[in-house]
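>>> Give me the fold of what follows.
(one chain, ligands or ions: 1)
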Amino acid sequence: MLAAVITEGQLQVAERPDPTPGPGEVRIRVAAAGLNAADLLQVAGHYPAPAGWPPDIPGLELAGTVDATGPGAESWLDRRVCAIVGGGGHATAARVPAAHLLAVPEHVDLRAAGAFAEGFVTAHDALVSQAGLRPGERLVVTGAAGGVGTAAVQIGAMLGAHTIAVTRSRAHHDALRDLGALEAILTEELADIAPVDVVLELVGAATAATSLGRLGPHGRLVVIGVGGGSRLEVDLLAVMQRRLRLTGSTLRSRSPDEKARAVAAAATDLGDRWSRGGLRVPVADAYPLAEVARAYAAFGHSGRFGHIVLEMP
Ligand SMILES: NC(=O)c1ccc[n+]([C@@H]2O[C@H](COP(=O)([O-])OP(=O)(O)OC[C@H]3O[C@@H](n4cnc5c(N)ncnc54)[C@H](OP(=O)(O)O)[C@@H]3O)[C@@H](O)[C@H]2O)c1
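Residues are numbered from 1 along each chain as shown. The predicted structure is shown next:
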């Protein structure tokens, strides 16, 4: 197989042996794979892959066709799938536990599917499993124009929440309303909105300083990203008086069983809707694997709507 290999802090496309699936695993012939902020951190040497995953091939999500199976995973052979992986997604083949697969609906092209799993599983886990978002509740999503944000806006709308998308530019507000946001506002307008029930914090301290203050009684704030800083002064008296819950998580570091549960829960709640064309994966740009360095540079630029995807030869 070919893979984007980290070599002295740079990415180079290199040949590697094809992986062999073990018990309960499949091998995916990868068609496309989304980029994530964690990939850039890994290349820079700040976010090593968890044990059991290729240490020098980044890539947390992918889509393709299963071309080999280990014992117990035979039913997946030849199926179009997407998956979250602990690393190794930016390659033409990957070995993945079958429990971490999602079936890709027939009408969905594999390019978009390559950027489905990380954003939708993360957003679903945060909003449903952690925040317990209910119909009619008011939801704020910061960093809403990114990969996780565009998924969260759609899940919020699907659950019947009054979803407020927050960005630092107006450029993508119409597109966010198209995805189901009832309001789209700028970061500087966040301080003026009526109290909300749930905040999905995808930016970190830069917006949490304000979003935390917008939580009403029994409000829940779920931290998923800290690209905008991880340190914040919190008024614990307000947490007590409003009975707030502050929580957060990372998907990558979870045990295989925990990941399997998160994937299964997302598949149960989102699978039908995705099949009916009710979920979209906005792809801002796609690059061939040979141009992986350009793709990573593009991911680092502000102003994108949705995902950057690598397409495999
Ligand atoms: N915990 C987990 O399991 C998990 C899983 C996936 C992702 N994440 C993290 O979640 C975050 C979002 O992921 P993503 O894939 O959606 O990233 P993304 O596609 O890069 O989107 C990030 C969004 O946040 C906005 N943003 C960045 N810095 C900002 C700031 N200081 N103020 C206001 N807006 C800002 C960006 O706007 P601009 O375009 O204007 O820069 C962009 O729209 C990342 O930090 C990522 O590492 C965590």
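>>> in the stretch 151-300 of the chain, which spans are helices?
Ranges of helices within the stretch 151-300 of the chain are 173-178, 205-211, 236-241, 256-275, 292-299, based on DSSP state H, counting those that start in this stretch.
>>> Now do the helix or strand following the last one and helix 292-299, the angle between them.
The one in question is helix 292-299. Counting by DSSP states H and E, the element after helix 292-299 in chain order, helix or strand, is strand 307-311. Relative orientation of strand 307-311 and helix 292-299, computed by axes from the mean of the first three to the mean of the last three CA atoms, to 10 degrees: 170 degrees.
>>> So that it lines up with my notes, have the first residue be 56 from now on.
Renumbered: residue one is now 56, and that last one reads strand 362-366.
>>> before we move on, back to that, so which of the helices of the stretch 206-355 of the chain is the most surrounded?
Ranked by mean neighbour count, the helices of the stretch 206-355 of the chain are led by helix 260-266 with a mean of 20 (mean count of other CB atoms under 10 Å). Placement of C-beta: from N, CA and C, glycine included.
>>> Can you list the neighbours in contact with it?
Contact with helix 260-266 is made by 195, 197-198, 221, 242, 245-246, 254, 256, 276, 278, 281, 283-288, as judged by CB atoms under 8 Å, 6 or more residues apart in numbering.
>>> picking up where we left off before, reformat the helices of the stretch 206-355 of the chain into TSV and put distance to residue 75 and mean pLDDT next to each item.
Shown next, in TSV, are these (distance: least, CB to CB, whole Å; pLDDT from 0 to 100):
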stretch	distance to residue 75	mean pLDDT
helix 228-233	42	98
helix 260-266	44	97
helix 291-296	50	97
helix 311-330	18	98
helix 347-354	24	97
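>>> got the ones you listed as JSON lines, with distance to the ligand columns?
Putting these into JSON lines (distance: least, CB to the nearest ligand atom, whole Å) gives the following:
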{"stretch": "helix 228-233", "distance to the ligand": "10"}
{"stretch": "helix 260-266", "distance to the ligand": "4"}
{"stretch": "helix 291-296", "distance to the ligand": "21"}
{"stretch": "helix 311-330", "distance to the ligand": "9"}
{"stretch": "helix 347-354", "distance to the ligand": "7"}
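>>> Any of the contacts of helix 260-266 buried? List them.
Buried subset of the contacts of helix 260-266 (neighbour count, 16 or more other CB atoms under 10 Å): 195, 197-198, 221, 242, 245, 254, 256, 276, 278, 281, 283.
>>> Dump the residues you listed to CSV, plus distance to residue 354 and pLDDT.
Output for the buried ones among the contacts of helix 260-266, formatted as CSV (distance: CB to CB, whole Å; pLDDT from 0 to 100):
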residue, distance to residue 354, pLDDT
195, 24, 98
197, 19, 98
198, 14, 98
221, 21, 98
242, 21, 98
245, 25, 98
254, 25, 98
256, 20, 98
276, 26, 98
278, 21, 98
281, 17, 97
283, 16, 97
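>>> near the ligand, which of those residues show up?
By CB under 6 Å from any ligand atom, the members of these lying near the ligand are 198, 242, 283.
>>> Return the residues in contact with the residue in the chain that the ligand sits nearest to.
Of the chain, the residue with the smallest distance to the ligand, taken as CB to the nearest ligand atom, is residue 201 at 1.9 Å. For residue 201, the contacting residues are 257, 359, 361, by CB under 8 Å, 6+ apart.
>>> Around the ligand, which positions in the stretch 56-205 of the chain sit nearby?
Listed as neighbours of the ligand in the stretch 56-205 of the chain under the rule CB under 6 Å from any ligand atom: 91-93, 173, 177, 198, 200-204.
>>> ok, and the most centrally placed residue in the chain, which helix or strand is that part of?
The residue lying closest to the centre of the chain (CA atoms, centre = their mean) is residue 174, at 2.1 Å. Following DSSP H and E, one finds residue 174 within helix 172-179.
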